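Asker: Predicted coordinates and the sequence they were generated for:
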Amino acid sequence: MKKKRRITKRERVESVLITYKLVFNILGLEKYLSFPKGTIHKFLKYNRRLSSERINQIDKFIQEFIDHYEKEYKDD
């Protein structure tokens, strides 16, 4: 039986960006994370690779966003 390959942080972040690109305000996300204008847009439209530093920043933002939602709006 083969072990299931673990998804990398890069794959996870890129998958979320692609899946939810219509939901995210890309320019707003770039401003919030202090990225140069067009950084995420160029990844989505032209498949330009995001740097590892940017992947880490986006991953941290997504995790904080989910944690905030779960803590703030958890059904008691």
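Answerer: Thanks, I have it.
Asker: Counting by contacts, list what the longest helix seen in the chain packs against.
Answerer: Across the chain, the helix with the greatest residue count (assigned by DSSP state H) is helix 52-73. Other helices and strands packing on helix 52-73, by 3 or more CB pairs under 8 Å, 6 or more residues apart in numbering; DSSP states H and E, are helix 9-19, helix 26-32. To be clear about C-beta, it is placed using only N, CA and C from the backbone, and glycine gets the same treatment.
Asker: what comes up buried for the first one?
Answerer: Going back to what we said before, that points to helix 9-19. Judged by neighbour count using 16 or more other CB atoms under 10 Å, the buried positions of helix 9-19 are V13, E14, L17.
Asker: and which of those residues is nearest N47?
Answerer: Out of those, the one with the shortest distance to N47 is E14. That distance is 9.8 Å, counting by CB to CB.
Asker: Spit out the contact partners of that closest one.
Answerer: The neighbours of E14, taking CB atoms under 8 Å, 6 or more residues apart in numbering as the test, are F43, L50, I55.
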